[in-house]
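Colleague: give me coordinates for this.
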Amino acid sequence: MRAKVHWNTQSVVDRFWRYSGKTSDRKSCWIWIAGLTIDGYGQFSIGRKYISANRYSLALKIGRLLVAGEYACHTCDTKPCVNPNHLFLGTPADNSQDMVSKGRSSHSCGGKGERHGNAKLTNVDVTEIRKSYQTKRSELAEKYGVSEWMISAIIHRRSWKHI
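Modeller: Model (predicted):
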């Protein structure tokens, strides 16, 4: 049976900082250089359990592990950043409000089009697609990495209406 590994032993903390991309510049992002989740956040193992690297960095800063419902929010909006100076403790509501205040929400002012968090296209791409309406939709879809339905919606102004 394996012994339980405590979250803030010196060996665990030292191993974390080795993968942190830590520099002497406290203002720059420290980009996690080990494993990432599919969403782009750093991932760190303690024993056999995984924790988000930004959550662990914030835990070291505040002196305790975060509990359910607590978020490690980024001031820099860089997912793999683990610089504790760029992290603050928040709730899901705090995180959502931060997103809206920075214009990263589709419901916030300016969250349309290329500023939408899930946008694959730019305003220039949409303009080019509309100029190329005689090109086969399948070719445009492949070129821009979107579906034929999206190409059709753009051409017929059912999508990206603001352009």
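Colleague: kindly report the domain assignment for this structure.
Modeller: Taking automatic domain parsing as the domain assignment, the ranges for the chain are 10-101, 113-155.
Colleague: which stretch in the ones you listed is the model least sure about?
Modeller: With a mean of 84, domain 113-155 has the lowest mean pLDDT of the domains of the chain.
Colleague: gap between the two ends of that one?
Modeller: Counting by C-alpha to C-alpha, to the nearest Å, you get 15 Å between the two ends of domain 113-155.
Colleague: make 14 the first number, not 1, from now on.
Modeller: Yes, from this point I'll number from 14; that puts the last item at domain 126-168.
Colleague: got a list of what the residue lying closest to Ala154 once chain neighbours are set aside touches?
Modeller: Of all residues not flanking Ala154 in the chain, Glu161 sits nearest, at 4.6 Å (C-beta to C-beta, 6 or more residues apart in numbering). Where you see a C-beta, it was placed from the backbone N, CA and C, and this is true even at glycine. The contact partners of Glu161, taken as C-beta atoms under 8 Å, 6 or more residues apart in numbering, are 150-151, 153-154.
Colleague: closest one of these to Asn108?
Modeller: Ala154 (33.7 Å; C-beta to C-beta).
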